[in-house]
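Asks: what follows is a predicted structure for the sequence shown.
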Amino acid sequence: MRLPGKGLNQGAKPITFAFNGRHMTGLEGDTLAAALLASGVHLVGRSFKYHRPRGILTAGSEEPNALVTIGTGGQQDPNVRATQQELFEGLEARSQNCWPSVERDVMAVNDLAAPFFGAGFYYKTFMWPAAFWEQLYEPLIRKAAGLGALSGEADQDRYEKAFAFCDVLVIGSGPAGLMAALTAGRAGADVILCEEDSRMGGRLLAEREEVGGKPGHAWAAEVLAELEAMGNVRLMTRTAVTGAYDQGTYGALERVSHHLPRRHSLKGSHLPRECFWRIAARHAVLAAGAIERPVAFRNNDRPGIMMAGAVRAYLNRWGVAPGERVTIFANNDQAHRTARDLHDAGVHIAAVIDSRHEAPDGGPYQVIKGAQVCDSAGRQRLESITVRSVKGEEKIQTDCLAMSGGWNPSVHLTCHLNGRPVWKREALAFIPSEGAVPGMVAAGACNGTFSTAGALREGAEAAAKVLEALGLKSSAADLPQAEDDPYRIAALWAVPGKGRAWLDFQNDVTVKDVKQAATENFRSVEHMKRYTTQGMAADQGKNSNVAALAVLADATGRTIPETGTTTFRPPFVPVAIGAMGAGAADEGFKPQRFLTSHGESDTRGAHQVEVGLWYRAAYFPKPGETNWRQSCDREVTLVRNAVGICDVSTLGKIDIQGADAGKFLDFLYTNTFSTLKAGKVRYGLMLREDGFVMDDGTTARLGENHFVMTTTTAAAGQVMAHMEYVSQVLRPDWDVRFTSVTEQWAQFAVAGPKSRELLDGLLDEEVNGETWPFMGCGEATLLGVKGRLFRISFSGEHAYELAVPARYGESLFRELLKRAEAMGGGAYGMEALNVLRIEKGLITHAEINGTVTAFDLGLQGMMSTKKDFLGKPMSTREGLMAEDRMRLVGLKPVGAAKEITAGAHLFTPGDSVERIYDQGYVTSAGYSPTLGHPIGLAFLKEGPDRIGETVRLVDHMRGADTLCEVVSPVFFDPEGDRARG
Amino acid sequence: MAELIAKSPCDGLLPVTVGGMSLTEEDPGAMWAVAPFNGEDKALSQALEAAHGMAFPAANRATGKAGSRAVWFGRGMALLMGPEPDAKLAEHAALTDQSDAWAVVRLEGQGAEDVLARLVPVDLRAAVFKRGHTVRSELKHMMASVTRTGPQAFQIMVFRSMAKTLVHDLKTAMEAVAARG
Amino acid sequence: MRITCPLCGERDRREFYYKGAALVRPAEGADLDVWHGYVNLRENPAGPLDELWYHEMGCNSWLKVTRDTATHEILAVQLASEAGLGGET
Amino acid sequence: MRFSGWRVLREGLTGNKGWKPHWRDPEPKSEYDVVIIGGGGHGLATAYYLAKEHGITNVAVLEKGYLGGGNVGRNTTIVRANYYLPGNSEFYSHSLKLWEGMEQDLNYNAMMSQRGIINLFHNDGQRDAAVRRGNAIVNQGDDAELLSREQVRKLAPFLNFENNRFPIMGGLMQRRAGTARHDAVAWGYARGADMRGVDLIQNCEVTGIDVEGGKVVGVQTVRGPIRAKKVALAAAGRSGQVAAMAGLTLPVESHVLQAFVSEGLKPIVDHVITFAEGHLYISQSDKGGLVFGSYLDFYSSYAARGNLPMVEHTMETFVAMVPAVSKARLLRSWGGIMDMTPDGSPIIDHSPIDGLYLNCGWCYGGFKATPGSGSVYAHLIATDRPHGAAARFKLDRFRSGAGLMDEEGTGAQHNLH
């Protein structure tokens, strides 16, 4: 019911919305919960386990009951807190976890079977017969469990992430936070003030207590105006600080457009739905306030039973009275304000029940002292409560009970770095342990100081402390007048009695469950939590942890501090995966690297595949070719018979200079490079310190102190980091410098018997065996552009690699293709490149798979005995030289089924196909059009000693089972005449 | 005789204008990595001064001016942007041509700082990151160099092959910033 | 986590690559047991640890960072090139 | 007390007053035949199998905190046997078989759910690696099958098959794999061990290991000295610390691995799904929470909590691969301390000290190993001979280089796993 002349948004624009299909009207500035209460709606959802009818308990993000679903399809948003969702025109919300409707939910039968659904019941049954778990029990449990539902469609909204930096991060904008921000701001500190709510002010918006002689919200407005005017203060509303991380890093979630009509957050618009902030703060002031805690009594979970502070918020901020005959049940003075405020607003107070005999008298309404509420009635809305006092039990008609068991300081963030809160007995609450988060100071209610004056004072003091550490002068803050009432409270956690008294509303954990857990010796608070699931619901126990802890302490005869503290982990409030993963959809996931030839390959219809971050052409289909094999075979053949062009720019290229460059390479590679003549290229092998092969490639000597190294595409980054490591960490005195030139040069392989002919006229000098011998290299001018030429071959053919500055890459690629095609050649892609190198037994990372040694690859000859090199000592371990290691061989099929598949395993014919008889596996396979049959490379136990033997190849995954002959890995032109000639 | 045609890294991708912000490709001229050899730092800096009128930049700083800059490029390295390096520099430093290795763009306009705050994990606000300041950091997941060239202008560099992603990421952030109004 | 790079200043952990314990490399000729200790065995303390980080997305410096593995507090940072980890050569 | 549906029914009708403690809280005795250091999944399972399979019941499990408070209570609950290297193959195969009979054996419902795991691959190289793995699994006698893109689509239509960065090419599926309720595994073994006379002693931190003449004779604890004929380490992330008490240095680095759970949601993910690109693994619990994880944070840590870069990487991969979960909200994240070996595979072996046994180096694989680890470790402790399924988990493989088990192929060096 909305009260005329009440609330801070009175007279605001009316907004129409719908709940479960029913259309209603609220006011701008309302939360969905406020608008529902104003429209007399209390039944909002159903509980997790028993599907009990539930209403609105709180007025904040800690709400455990009033979770709804908003939107449909790609915008369907489950588990939205009605107490946080701001009203907007056209908002459509619906209840969840109920069928067919929230009023009539068939799963509510669970409530009748409650006696059998006690703590941990599922650990004790559903075990017979074993197969029934997956087939029967579990599907039923899964169907019943869960809250809201995802639509299964891709999210249509945008999200973003951002970084922010500040001297002081103030978390919370209540009296403590505002005072801290004001003090720090005036001192010139770089301040960020984060407030989870849509409006700054915290409890000042919900209470009627004055600050500085004016209404709290008015004082807040003045402070905010001053902060706004400062250049050094950043105000962030709708922004919840979600986590504290190391060295002053904080995560924060900004709800950018949840409060706007949905069209604003559609892909068409660029306005993100949420922004996840990474804030680096030198210091932080935690002013997160406190969360009021319920009292456990029989049937304390009915719609209409709310937190006393929340009732005040609905009344004073939104002008909404949640009931017409309100009762209050409390163990502390503060809750009496609820009665006072409601009464002043003309709402009938049926009774105030205070568990303390020395409770204050309050106003002109009955206060029942030393009494407790021990039961309630009303299925879908509270109708009455039962009060137990010295006079016995009496029933009181009421449609709203405002309860308060006291307040729990919001210590959550101080637990994120494993800090343990400490018990403050006089406040009956856990408060932050000092220094739990380096650089963070707690102030106000989150520090167990509950008066407004106390909060203002601590906020100013916290800021002063931080300013001092920053070396900034703080002028003594002029603290405004405010109430400084003592926080009078007497312990009351659970009202004794029969029946179920709820602790964790959402997960349906009752006092009985906690007691049973204790009986079953789950005495550790962590055991109790895990056994009963208390604190594991969407509110992470914000409403229930301390009370549950107290009940456990009581049940195990220990004090609360003895029983232990509960810990909280990030995030403080649940964060959409889409927000923390913002920007990763589709191409945003990882950078895309494109070759200069990419566009030209596209126009030629190349099938392009991602190789690491790069895109490379797999093959270039010609008209009439219906599958990749046809294209691949043709491309292999044109290289063997004419000339092929392939973009090889993805290979890592590192420019190495300096007086010690040769020495450096000798240390890096297993073989020697200092002896390499200028103008020549040499193949090299690199080990890790553990003695296994890291990478291979060719390195060219361009001058006395100048080399250019080639790495594999896959290891380019790793090798660069490795070289920096060796240079900086291991050999800092050696004079050597290197720079990646992978991106500087576009490099193309020109391979095939007609490659030299192709170069005629392309270079302005003549190309012949003398000018460019095999493994020769040097500068060359290509069509007037200074580039480099390397006579190296990865195909076994007479071949060159041409490098030009990348700006000319596309143009040169076109020119090379034009010339090649005129000679019956053309472009070849990764598939053909792969077949060509397998035919020659040349290895890639399919073979250099991290677990092989030079010995396995048959390259032990490259391990220099004359010099030291990185990885040498460990490479001599017996295990890395053992004869029975799997070593590289070639395979060719024999018998009928001619098939070789990568990943297949090898067996000795006659052995049964079991792991214990496993002889090896195929690393690379392909069809060789040159030889007219499939070929493969494999690692085989004692491989080189088994040339000529037959092995059985078995591939269960692809259904291949064939015999192969073990051959040399070099299938084609073993003498290498074609490359040299 | 055929001749080779040059193509810039962001060819066909830029310019882009969003709200009051513009993203354009820069033509930096020549770019050479200059890495002084052991004990040659001072000599190199003098040679650089003599030949190109600018000192070797301190860490996180750029020297020179538009058209002829030396941008600190990480440990023991600067990127000489504009002129071809004087041959004498080679006596004191390793010189490596990078003219084609990097995509160079200019982000300018109201909100440019906010755009970079969505991509770069370093505080680039004017109060701490002034004209002539430079950082090596990452832009989203790309290795990047960012230099402030004006009150609301930045020079941003990533590897040439990532130009498309650079434009995609910057444009997306520009749109989000503009949408906030 | 934030690490103060001697060259770049305070930077987010995301810019760095982690290698692990910063140990002095044995002499090439050292006994294999010594090499085994260097490559495989770790004191693995729950407290201050000298370790190697690489400012991969920054200035390319290798850093020797002294960090408390129990609290993540960073106690010291220096350029690895000045830490003498290469051993006798 | 034997658990059953009838018991639950009977207790329900009589006010649930008859439930008994799951385990006792005994005072430590002055001497045991076997002292197990660490009351996590592996320690409790070891105690259980020592008692059940070897009749050794004069056993104490010493836990510095509460039972099951370590990694067994903070993981992504995945159970599988899809390894491909000798050593891991036979061990995880043995472990999965034990999982399949665990609940009846323990009379405790650990909710072992064989919903199947699908390892997705995105390119030829990853596919060939998956094929090699799948073949190894079948050769070991376990189940594996290669799924086409369309077969994957039928099982998990909500995945982003059109991802224009790393399209899904297919998957390797093991139907017998799945998930289990992690805490219940620890509690089930604890209850089973306790019933057989094992003393489970909580809040009993070990402060020293007593060695005389190269032989272990007992341990020092915060609750006094305890003599023991045999002492068995099962301290997971703390292994290095505990071993140091006996003067041993292990080839182990402790790292933090984060795990994540979302708010409860109606069922959408029916299987365990992993992605080769970005290394993400996801499943959905019976309570409806999406449970997922990714890489280590990649720095040594005992803090059991992580930092944002890896959190963000995990979420980014999730968004890229499964855009349909973008609106699911992360509820909680936590970190476990992983004992990482250079090759990423575990150690179950004698230590150089007589009577002191090692069980450590579980890296990412500890939870799924729980029953297997317990049974083979118990066998080693009881018989002083390695169990056939764990004969390759040798400590000296790092020294000799023989039999290294580098499943990832990233290299047998600490920083690479």
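Replies: Nice, thanks for sending it over.

Asks: neighbours around residue 122, how many?
Replies: Assuming you mean chain A. 18 (other CB atoms under 10 Å in any protein chain shown). In short, each C-beta sits where N, CA and C put it, glycine included.

Asks: wait, chain D
Replies: D:H122: 21 surrounding residues under other CB under 10 Å.

Asks: any idea how far D:M321 is from the nearest residue in space to it that is not next to it in sequence?
Replies: Distances taken as CB to CB, 6 or more residues apart in numbering or on different chains put D:F166 closest to D:H122, at 4.3 Å, once the chain neighbours are dropped. D:F166 sits at a distance of 8 Å from D:M321 (criterion: CB to CB, to the nearest Å).

Asks: thought D:I168 was touching D:Q151?
Replies: No - applying CB atoms under 8 Å, one finds D:I168 not in contact with D:Q151, separated by 11.0 Å.

Asks: those two: which is more packed in?
Replies: Just comparing D:I168 and D:Q151: by other CB under 10 Å the higher neighbour count belongs to D:I168, 23 against 15.

Asks: and that one, what does it touch?
Replies: Going by CB atoms under 8 Å, 6 or more residues apart in numbering or on different chains, D:I168 touches D:120-122, D:149, D:152, D:159-161, D:321.

Asks: how about whatever residue of the stretch 201-350 of chain A ends up closest to chain D, what does it touch?
Replies: Closest residue of the stretch 201-350 of chain A to chain D, CB to the nearest CB: A:Y245 (5.1 Å). Shown in contact with A:Y245 (CB under 8 Å, 6+ apart): A:251, A:416-417, A:570, C:1, D:307-308.

Asks: which one of these is nearest chain B?
Replies: Of the contacts of A:Y245, the one sitting nearest to chain B (CB to the nearest CB) turns out to be D:L308, at 10.2 Å.

Asks: and the gap between the closest one and chain C?
Replies: 8 Å (CB to the nearest CB, to the nearest Å).

Asks: the residue nearest to D:H122 and A:Y683, how far apart?
Replies: 32 Å.

Asks: a helix runs through A:R756, doesn't it?
Replies: Yes - under DSSP: H, G, I helix; E, B strand; the rest coil, A:R756 sits within a helix.

Asks: give the residue spans of chain C that score low on pLDDT.
Replies: Across chain C, not a single residue meets the criterion (pLDDT under 70).

Asks: who in it is up against chain A?
Replies: Within chain C, the positions adjacent to chain A are C:1-3, C:10, C:12-13, C:17, C:19, C:25-26, C:28, C:30, C:32, C:35-36, C:38-39, C:52, C:54, C:56, C:60-62, C:71-74, C:79-83, C:85-87, C:89 by CB under 8 Å from any CB of the partner chain.

Asks: among the residues you listed, name the buried ones.
Replies: C:1-3, C:10, C:12-13, C:17, C:19, C:25-26, C:28, C:32, C:35-36, C:38-39, C:52, C:54, C:56, C:60-62, C:71-72, C:74, C:79-81, C:83, C:85-86 (16 or more other CB atoms under 10 Å in any protein chain shown).

Asks: now, these that are in helices?
Replies: Judged by DSSP state H, those include C:32, C:35-36, C:38-39 as members of helices.

Asks: mind putting those into TSV with distance to B:V167?
Replies: Shown next, in TSV, are these (distance: CB to CB, whole Å):
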residue	distance to B:V167
C:L32	53
C:W35	49
C:H36	50
C:Y38	46
C:V39	44
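
Asks: which of those lies closest to A:H270?
Replies: Nearest to A:H270, judged by CB to CB, of those is C:V39 at 51.6 Å.
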